[in-house]
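Asker: Need the 3D shape of this:
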Amino acid sequence: MSDALSRPRLARMHNVMAGHVASGDMPGLVTLVSRRGEIHVDAIGKMAIGGAPVQRDTIFRIASMTKPVTAVAAMILVEECKLRLDDPIDPFLPELAGRKVLRAVDGPLDDTVPARRAITLRDLLTFRLGLGMLMVFPDRYPIQKAIAEAGFAPGPVFPSFPPDELMRRYGTLPLIYQPGERWLYNSGTDILSVLIARAAGVTFAKFLEDRIFAPLGMKDTGFYVPEASRARFATAYARDPATSELKVFDDPATGKWAKPPVFENGSAGLVSTADDFNAFAQMMLNGGRLGSERILSRPSVELMTADQLTPAQKQGSELFFGDVKGWGFGLSVYTGRDDLCSVPGRFGWFGGYGTSWYSDPRESFTGILLTQRMMESPQPPRVMTDFWTSAYQAIGD
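Answerer: Here you go, the predicted model:
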């Protein structure tokens with residue numbers, strides 16, 4: 001091993017991660033760290049409680065790590081001039097034309113004003129379209145009830161409507177804020193799934209396969225797990241609040257990823273492996289290229305990984321950002337430093353089923369953590385924070 005990664009500190013990271021598995025936090029996990037072409041993968045524990053061992057090629061539901069993949073797909077169409085960042089999306093998504101906007105976030109649904117402008121692709125990519133998750137718990141505003149009744153309640157169960165029906169339902173909701181006014185989590189990449197498919201003239205899954213997964217060799221990444229690969233698919237767990245025991249949330253053989261979905265969800269629908277997702281991460285870290293395959297131009301990646309938000313746009317969603325994070329296109333960007341692994345310029349995102357990815361251009365470093373233990377809040381669980389602290393300490397000279 002070269003000096004890109006420290007062997008003693010990788011061993012220390014293994015011990016920390018193994019401790020989380022031994023404590024019963026989750027049945028197993030895979031970690032991958034990569035720097036200057038050197039890759040270290042560690043598979044610990046089981047794919048299911050009492051099941052077969054986790055392997056390097058175990059398949060995981062990556063949940064919101066899907067979002068940056070969707071953003072890359074959108075930027076491919078921008079580079080081809082099939083979409084433009086600041087054009088209205090109305091020609092492709094007429095369901096969102098002529099929006100009304102709540103006069104007050106806690107007001108009645110019929111107390112609205114006209115939107116000052118149309119929603120744009122940039123709004124979807126930056127989650128500033130005016131629709132999304134309100135960080136007010138428990139739900140108490142009329143719009144939160146309407147969002148839940150439309151089938152878009154925040155939580156681990158994703159929308160499963162056909163794309164046209166999904167857009168019809170979004171079209172029944174008033175905007176919570178004016179386009180461009182505030183960052184609201186998640187809905188932007190739901191809607192991007194449909195926009196990309198309509199603009200490209202193929203299904204969203206086919207576009208991702210043809211333009212991203214096949215060129216990058218991501219053979220185990222997609223919206224479901226074929227039967228031939230199911231023996232490598234980990235079981236997803238959630239903590240039972242009554243007993244504090246882990247219970248099965250999604251079974252590989254009978255769950256939501258056992259067959260093609262009715263909605264190819266660009267917010268949270270993908271499965272992948274550590275090596276597959278590392279190919280995507282290295283493409284991003286290399287300015288859009290992996291080997292001889294160029295997916296995006298360097299300027300596109302630089303735009304995606306630059307903070308796009310003002311402090312006012314983050315208002316109400318501070319739980320996602322703290323003082324040192326912003327948002328680019330479909331991913332988080334670190335803008336300041338307040339602990340060991342908060343490095344300005346570091347970009348990536350995590351997934352609510354227990355996955356995390358960030359790449360650091362300054363260090364030519366990527367880290368990936370894959371588990372299938374449901375997160376219980378937008379704040380990262382201890383296993384995630386311990387992974388990133390340990391991973392950064394494994395950087396060599």
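
Asker: contacts, neighbours, all on C-alpha from now
Answerer: Noted.

Asker: which residues touch the most far-flung residue of the chain relative to its centre?
Answerer: Going by C-alpha atoms, centre = their mean, the residue of the chain most distant from its centre is D111, 33.3 Å out. In this structure, D111 makes contact with 102-104, judged by C-alpha atoms under 8 Å, 6 or more residues apart in numbering.

Asker: Report the separation between it and D307.
Answerer: 33 Å (C-alpha to C-alpha, to the nearest Å).

Asker: in the stretch 51-200 of the chain, which spans are helices?
Answerer: For the stretch 51-200 of the chain, applying DSSP state H, counting those that start in this stretch gives helices covering 66-79, 121-125, 142-149, 163-171, 187-200.

Asker: what's the second one packed up against?
Answerer: For helix 121-125, the elements it packs on are helix 187-200, judged by 3 or more C-alpha pairs under 8 Å, 6 or more residues apart in numbering; DSSP states H and E.

Asker: likewise the third one?
Answerer: With contacts defined as 3+ C-alpha pairs under 8 Å, 6+ apart, helix 142-149 has no helix or strand neighbours.

Asker: With just CA atoms, put it into CSV.
Answerer: The C-alpha trace of helix 142-149 is given here as CSV (Å, rounded to 0.1, in the frame of the first residue of the first chain):
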residue,chain,number,x,y,z
PRO,A,142,-52.9,22.5,6.1
ILE,A,143,-50.3,22.1,3.4
GLN,A,144,-48.6,19.3,5.2
LYS,A,145,-51.9,17.4,5.4
ALA,A,146,-52.5,18.0,1.7
ILE,A,147,-49.0,16.8,0.8
ALA,A,148,-49.6,13.6,2.8
GLU,A,149,-53.0,13.1,1.2
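
Asker: Report the secondary structure element holding W357.
Answerer: In this structure, W357 sits in strand 355-360 according to DSSP states H and E.

Asker: pLDDT (mean, whole number) over that strand?
Answerer: Strand 355-360 carries an average pLDDT of 98.

Asker: list the buried ones in stretch 277-291?
Answerer: Judged by neighbour count (16 or more other C-alpha atoms under 10 Å), stretch 277-291 contains these buried residues: 277-290.

Asker: That stretch - what's its average pLDDT?
Answerer: For stretch 277-291, mean pLDDT is 98.

Asker: same check, this time on stretch 39-49
Answerer: On average, stretch 39-49 scores 98.

Asker: ditto for stretch 384-397
Answerer: The pLDDT scores in stretch 384-397 average 94.

Asker: how far does it sit from the chain's center?
Answerer: Relative to its chain's centre, stretch 384-397 lies at 21 Å (C-alpha atoms, centre = their mean, to the nearest Å).

Asker: What lies in contact with that stretch?
Answerer: Taking C-alpha under 8 Å, 6+ apart as the rule, stretch 384-397 contacts 3-10, 12-13, 16-17, 33, 35, 340-341, 354, 356, 367, 369.

Asker: again with stretch 18-38
Answerer: 1-2, 4-5, 39-49, 53-56, 237, 246, 274-275, 278, 363-373, 383, 391, 395.

Asker: Pull up the distance across stretch 146-153, start to finish.
Answerer: End-to-end span of stretch 146-153 (C-alpha to C-alpha): 9 Å.

Asker: Tell me which residues of that stretch come out buried.
Answerer: Result for stretch 146-153 [16+ other C-alpha under 10 Å]: buried residues 146-147, 150-153.

Asker: Can you give the distance from it to the centre of its chain?
Answerer: The chain centroid and the centroid of stretch 146-153 are separated by 20 Å under C-alpha atoms, centre = their mean.

Asker: Next secondary structure after the least confident helix or strand in the chain by mean pLDDT?
Answerer: In the chain, no helix or strand scores lower on mean pLDDT, DSSP states H and E than helix 318-321, which sits at a mean of 89. Going down the chain from helix 318-321, the next helix or strand is strand 325-327, by DSSP H and E.

Asker: So for M1, what's the pLDDT?
Answerer: We have a pLDDT of 46 for M1.

Asker: If any of the contacts of D111 are buried, give me the PyMOL selection for them.
Answerer: To isolate in PyMOL the members of those that are buried, counting by 16+ other C-alpha under 10 Å, one can use:
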select buried, resi 102+103
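
Asker: Just the ones in strands from the contacts of D111, please.
Answerer: L102 (DSSP state E).
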